[in-house]
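Novice: kindly generate the corresponding structure for this input.
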Amino acid sequence: MPLQPVTRRSVPDEVFDQVLSEVVDGGIGAGEALPSERRLAEVLGVSRPAVREALQRMAQTRLLDVRHGGATTVRDFRRYAGLDLLPRLLVRRGELDPAIARSILEARLVVGPGVAALAAERGGPALEVLLTETLDALGETDDGVQRQVHALAFWDHVVDAADSMVFRLMFNSLRAAYEPALEALAPLMAEEVDQVGAYRVLTAAIGAGDPETARAAADRVLRPATTSLLAALAALDPALEDR
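Specialist: Take a look at the predicted model:
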C-alpha cells in the first residue's frame, strides 16, 4: 500500500506507523534506502521534524540502518526488531493483524507454564498469600474488564517471583500489546478469567513449591481461552489455517 498523506499534521506516531507498515508489508524491502526526510515530509504532508523524530524512533527499534552522510536503509525487522515493537505490529492503521495476534497467543501458552514453574521454585509461601489476595479481588467482581486487570496483576506477581529478566521483558511487551484491547476482549477472555478455581489450584501449586503441578495448572488456566481466540482469529483470517 503506498504512503498516504497524514491527516493530522506533525504527529510522529502516525509517520512511524505508516513507514512501519510499509516495512512490515514489504512495500519498502530490507536493504532498500528510504526516501529523504524532505521527500517523506512532502508525501506525508507533515513537517520534517516530525519525520526526523519518527525515523529516529525507528532507528532505536533497530528497524533502520542510519549512516551519517549516507543513505538510511531498511533492516529486516524479523532479524533485528525486539519485543518493544510488538504492540505496534499488533495494531497497524487501526486494524488488528491476525497473524501477530496468533503469535502472541501461542507465546503466552508456551511461556506461561514455564514462568509458573519457575515461580513455584523461587516464590515461597509469601507469594501464595499475595496471589490469593489477588484472586479474592478477581472473584469479587463480575466486570469482565476488571477481571482481566486482576488476572494481569496475578501474572505480574508470578513473573516477579520467577526472577527472570527475560520473562519480565517479554511479559511487559505482551501486556502492552494486550491492555489496549481489554474491553474488546472481555467476552472472549471470560473463559479464562472466570475460572477462579483453576487459578486457585495454580496458586496452591506455586505455594507448595511444586513446579510440575504449577506448569500443568497454568496450562489448564491458559489453554481454554487461547483455543477459543485462535479459532476466532482463524475465522477472521482463513489464510492462517494454511500457515
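
Novice: the helix or strand of the chain with the lowest mean pLDDT pairs with which strands, and in what direction?
Specialist: Per-element confidence for the chain was summarised using mean pLDDT, DSSP states H and E. The lowest value among helices and strands belongs to strand 91-92, with a mean of 76. Note on strand 91-92: by DSSP bridges, its sheet partners are strand 95-96 (antiparallel).

Novice: what are the contacting residues of the partner strand?
Specialist: Taking contacts as CB atoms under 8 Å, 6 or more residues apart in numbering, the residues outside strand 95-96 that touch it are Leu90. C-beta here means a position set from N, CA and C on the backbone, and glycine is covered the same way.

Novice: how about stretch 209-224?
Specialist: Outside of stretch 209-224, the residues within contact range by CB under 8 Å, 6+ apart are 108-109, 112-121, 123-124, 191-192, 195, 198-199, 201-202, 205-206.

Novice: go again with 7 Å.
Specialist: Contacts of stretch 209-224 from elsewhere in the structure, counted by CB atoms under 7 Å, 6 or more residues apart in numbering, are 108-109, 112-114, 116-117, 119-121, 191-192, 195, 198-199, 201-202, 205-206.

Novice: contact partners of the least confident helix or strand of the chain?
Specialist: Contact with strand 91-92 is made by Asp17, Leu20, Ser21, as judged by CB under 7 Å, 6+ apart.

Novice: give me that answer again for 6 Å
Specialist: Under the contact criterion CB atoms under 6 Å, 6 or more residues apart in numbering, strand 91-92 has outside partners Ser21.

Novice: so how far is that strand from its chain's centroid?
Specialist: Taking the mean C-alpha point of strand 91-92 and that of its whole chain, the gap between them comes to 12 Å (CA atoms, centre = their mean, to the nearest Å).

Novice: what of stretch 26-37?
Specialist: 26 Å.

Novice: which residues touch that stretch?
Specialist: The contact list for stretch 26-37 (CB under 6 Å, 6+ apart) reads Glu22, Arg48, Val51, Arg52, Ala71, Thr72, Thr73, Val74, Asp76.

Novice: buried residues in that stretch?
Specialist: For stretch 26-37, the neighbour count (16 or more other CB atoms under 10 Å) marks Ile28, Ala30, Leu34, Pro35, Glu37 as buried.

Novice: any weak-confidence spans in this protein?
Specialist: Counting by pLDDT under 70, the chain shows low-confidence ranges at 1-10, 69, 93, 241-243.

Novice: domain parsing for it?
Specialist: Split into domains by automatic domain parsing, the chain comes to 12-81, 87-242.

Novice: C-alpha coordinates for stretch 94-111, PDB please?
Specialist: The C-alpha coordinates for stretch 94-111 follow below in PDB (Å, rounded to 0.1, in the frame of the first residue of the first chain):
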ATOM      1  CA  GLY A  94      -6.300   0.900  13.200                       C
ATOM      2  CA  GLU A  95      -6.600  -2.800  12.300                       C
ATOM      3  CA  LEU A  96      -5.600  -5.900  14.100                       C
ATOM      4  CA  ASP A  97      -3.000  -8.100  12.500                       C
ATOM      5  CA  PRO A  98      -4.400 -11.700  13.000                       C
ATOM      6  CA  ALA A  99      -1.000 -13.300  12.400                       C
ATOM      7  CA  ILE A 100       0.600 -11.200  15.100                       C
ATOM      8  CA  ALA A 101      -2.300 -11.800  17.500                       C
ATOM      9  CA  ARG A 102      -1.900 -15.600  16.900                       C
ATOM     10  CA  SER A 103       1.800 -15.400  17.700                       C
ATOM     11  CA  ILE A 104       1.100 -13.600  20.900                       C
ATOM     12  CA  LEU A 105      -1.500 -16.200  22.000                       C
ATOM     13  CA  GLU A 106       0.800 -19.000  21.100                       C
ATOM     14  CA  ALA A 107       3.700 -17.400  23.000                       C
ATOM     15  CA  ARG A 108       1.700 -16.900  26.200                       C
ATOM     16  CA  LEU A 109       0.500 -20.500  26.100                       C
ATOM     17  CA  VAL A 110       4.100 -21.800  25.800                       C
ATOM     18  CA  VAL A 111       5.800 -19.300  28.100                       C
END
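
Novice: no further queries at this time; thank you.
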